[in-house]
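S.K.: here is a sequence together with a model predicted from it:
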2 protein chains.
Amino acid sequence: MITEQDCLALDAADPLAACRSEFALPENVVYLDGNSLGARPKAALERARQVIAAEWGDDLIRSWNTAGWYDLPGRLGALLAPLLGAEADEVVVTDSTSVNLFKALAAALRMQAADPVRAGRRVIITERDNFPSDIYMAEGLLGWLDRGYELRLLDSWSDLPAALAGAAGQQVAAVMLTHVNYRTGRMFDMAATTARIHAAGALAIWDLAHSAGAVDVALNAANADFAVGCTYKYLNGGPGAPAFIWVPRRHHAQFSQPLTGWWTHREPFAMQPGYAPAPGIRRALCGTQPVVSLALVECGLAIFQRVSMAALRRKSLALSDLFLSLLEQHCAAHPLELITPRAHADRGSQVSVTHPHGYAVMQALIARGVIGDYREPRVMRFGFTPLYTGYQDVWRAVMILKDILDRSDYQVDARRSAVT
Amino acid sequence: MITEQDCLALDAADPLAACRSEFALPENVVYLDGNSLGARPKAALERARQVIAAEWGDDLIRSWNTAGWYDLPGRLGALLAPLLGAEADEVVVTDSTSVNLFKALAAALRMQAADPVRAGRRVIITERDNFPSDIYMAEGLLGWLDRGYELRLLDSWSDLPAALAGAAGQQVAAVMLTHVNYRTGRMFDMAATTARIHAAGALAIWDLAHSAGAVDVALNAANADFAVGCTYKYLNGGPGAPAFIWVPRRHHAQFSQPLTGWWTHREPFAMQPGYAPAPGIRRALCGTQPVVSLALVECGLAIFQRVSMAALRRKSLALSDLFLSLLEQHCAAHPLELITPRAHADRGSQVSVTHPHGYAVMQALIARGVIGDYREPRVMRFGFTPLYTGYQDVWRAVMILKDILDRSDYQVDARRSAVT
């Protein structure tokens, strides 16, 4: 039996425990929703004051140069790159994840169309359980290209090998997967999956929304083709903060996407009517970026510069292992069903369990200060963010969950709604 | 002869003079670059603190609902709508101007393609002197649609009637114009031009980047088809703040664009894999928005709620008229060439003059606290923002310009660079 004392001992021995002091978290809250909106780095308030009062208010238009606003997408990309196993000149922070996915998928299809052997491929594969916006964006792009492209939705992630095998696999232009599933927390083996996709002659596009800052991502080691993701979950960049896109150097020269705004131009200030793309990762940008939100992303990334992803991953797994063990110890009598894989290699940084009244139970948890979130159908999600979550937090969360379940202390008729 | 006393008298009688106190401007600066980056509303700092500390830091994920983050694009659109002559449910603040232009142009082409009579039209017209990013975005979209679309660049805005006449005009699907030209400040007659475009069977897309908050825009009265624009110039929304897109009610049902992210979905939180667009203006959104930057847009818009666009326009023209008169009085001996129309009906809220050493002269002005900006080739731009610019400011600007020119007090070998 694990005791609260054991949890306190784990906290006392935690090499990452000091990171929590970098974050402003409300009192008496156990925040297990950093996979939806990361907590606020304390530095964000002062950074906002600096950007708004000094850079915008005092230095005005000059700040595009003097404060480095124009270079922010690349500068932040360089800070983010090591967390993704990427090179500094392969990542920019810009636009939304959806817009960046559009760029990446378009670029992948154009690369395939330019390949004499693969030009005829017309199938794009993803999971039916992928984050819906990714599916919608692919539908949007393919519908507009109007060249007979087909989006194939796998009923299960485990159907991928069959979908890539044989003659069917030879029709596949690209496979677009979310590395860690937003609902279940299941994680793909990026290297093995990418290799399988490449073996079929297709390109691999990864959505890292639930991976970046949460698990050890190794894009270049996996030989992935494109990746996108968001900065407002585990990276603690702020609500709706601009997203990122990764294009490996080996694809820079061929990278072509339709959103060719002036920030992608080789000479954006020459103000010439003819388009010519910038040589490197800037061609993955588009237009002017929201500077205040963008600048705050740095406050989250700065904290990651002082820790290793390996240490974060170790603690993340220890937290979710502890959560699973305590659930078994204290809540086994209740109809909770785990939908997150137990194997470390298959698990991201969240644990999802279903309950027949999942929505109502989650509302009761939130009312008592344990903030997770809810996803249809019946799924309670608990995200573990090793930078600011401790072992005793996990203990408290399970004790409160146990109390709610033991006493059926939730309102099943609660209005059902949820927001990522 | 106009004297400084005359200018002071105009300031004393100015009904908008009190608005200046809403803005934080540095001492000893005459800021004539609000057409590039609007000044900071004082309220922005406190609003940022509220969003970052209270909404993000304390209320965390709940703020998507409790603080109204999810509804911000529509709420800000409703505040902006009256300044554009639009209805409250026709505008959203979202993404960048470039991305929004992509949506609008795509939607226009799809509407035409769905029309049995106009389906074969393949020409899109714009000006060679349009803001380059607008041209690049059109090139990007058309290149990807790959259906024989052609972007036709007019050498002069006055070539438009001929381009729309006769058999050539019957090939035109859409005309994409910037209402007030970024370089020259020349303004189109939106109603007459839209009528001419419609007479040829084409759709009219307006970029209001240099109009919104600067001139009296009347989108519905002009029967325009689509409009986009930015909030960080005359609207004072903050550096790179999210842009806007306007779709009139009459086009909502047919409005279809490729960037179909989850925020455009009829039921974004049902998390269903099948795409179905929201019924109204939300279908012009895409993905999650940068909340901090977005929220600050409200601080700029709030100031406009207390004044009329008619009063702003009157003062804007009075300021630029004064600037022109003082230039004639004091700088006539110098090789300045006016490229902004003198007629009020043809002029936005800026005055642009060329000088053989325009870049160097502008740098000298900036060094002495008169902040305008420079655009290739040789163009010095002076923007007049009636909310915070006074008549004495104009006097000071011209006196300093005169002094610089009289004494040739500028460095012609200065490094040339510029940022919008």
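M.R.: All right, it came through fine. Numbering: from 1, shown residues only, chains lettered A, B, ... in the order given.

S.K.: quick one: secondary structure of residue A:205?
M.R.: Following DSSP: H, G, I helix; E, B strand; the rest coil, we place residue A:205 in the strand state.

S.K.: surely it meets residue A:178?
M.R.: No. Residue A:205 is not in contact with residue A:178 according to CB atoms under 8 Å; the separation is 9.9 Å. Just so you know, the C-beta spots here come from the backbone N, C-alpha and C atoms, and that holds for glycine as well.

S.K.: tell me the contacts of residue A:103?
M.R.: With contact set as CB atoms under 8 Å, 6 or more residues apart in numbering or on different chains, residue A:103 has these partners: A:228, A:245, A:257-259, A:284, A:286.

S.K.: filter those to the buried ones?
M.R.: Among the contacts of residue A:103, those scoring as buried are A:228, A:245, A:257-259, A:284, A:286 (criterion: 16 or more other CB atoms under 10 Å in any protein chain shown).

S.K.: what's the single longest helix in chain A?
M.R.: helix A:309-331 (DSSP state H).

S.K.: near chain B, which of the buried ones among the contacts of residue A:103 show up?
M.R.: Contacts with chain B within the buried ones among the contacts of residue A:103, counted by CB under 8 Å from any CB of the partner chain: A:257-259, A:286.

S.K.: for residue A:18, grab the count of nearby residues.
M.R.: Residues lying near residue A:18 (other CB atoms under 10 Å in any protein chain shown) number 10.

S.K.: wait, what's in contact with residue A:403?
M.R.: Residue A:403 makes contact with residue A:409 under the criterion CB under 8 Å, 6+ apart.

S.K.: next, it: phi, psi?
M.R.: Main-chain torsions, residue A:403, degrees, to the nearest 10: phi -60, psi -40.

S.K.: so where is chain A shaky, pLDDT-wise?
M.R.: A:413-420 (pLDDT under 70).

S.K.: center of it - which residue?
M.R.: Nearest to the mean C-alpha position of chain A, by CA atoms, centre = their mean, lies residue A:209 at 1.3 Å.

S.K.: show me what contacts that residue?
M.R.: Contacts of residue A:209 by CB under 8 Å, 6+ apart are A:97, A:131, A:178, A:180, A:182, A:228-230, A:233.

S.K.: what are the phi and psi angles of it?
M.R.: The phi/psi pair for residue A:209 (degrees, to the nearest 10) reads phi -50, psi -40.

S.K.: do you know how far it is from residue A:179?
M.R.: 8 Å (CB to CB, to the nearest Å).

S.K.: report how many residues lie close to the residue lying closest to residue A:178 once chain neighbours are set aside.
M.R.: Among residues not flanking residue A:178 along the chain, residue A:207 sits closest, at 4.1 Å (CB to CB, 6 or more residues apart in numbering or on different chains). Residues lying near residue A:207 (other CB under 10 Å) number 30.

S.K.: over to residue A:161?
M.R.: For residue A:161, the count of nearby residues is 11 (other CB under 10 Å).

S.K.: sorry, back to before: pull out the buried residues from the longest helix of chain A.
M.R.: A:309, A:312-324, A:326-327, A:330-331.

S.K.: ok, then the element right after that helix?
M.R.: strand A:337-338 (DSSP states H and E).

S.K.: list the contacts of residue A:80.
M.R.: A:86, A:91, A:93, A:212, A:231, A:235, A:244, A:301.

S.K.: so which of those residues comes closest to residue B:405?
M.R.: Nearest to residue B:405 among those is residue A:93, at 43.0 Å by CB to CB.

S.K.: distance of the closest one from chain B?
M.R.: Look at residue A:93 and chain B: by CB to the nearest CB, to the nearest Å, they are 11 Å apart.

S.K.: what residues of the helix or strand hosting residue A:361 count as buried?
M.R.: Using DSSP H and E, residue A:361 sits in helix A:358-367. Buried residues in helix A:358-367, counted by 16+ other CB under 10 Å: A:358-366.

S.K.: how far is it from where the chain is centred?
M.R.: Relative to the centre of its chain, helix A:358-367 is centred 24 Å away, using CA atoms, centre = their mean, to the nearest Å.

S.K.: and the contacts of it?
M.R.: Residues contacting helix A:358-367 (CB under 8 Å, 6+ apart): A:355, A:371-374, A:377-380, A:397, A:400-401, A:404-405, A:409-414, A:416, A:418, B:62.
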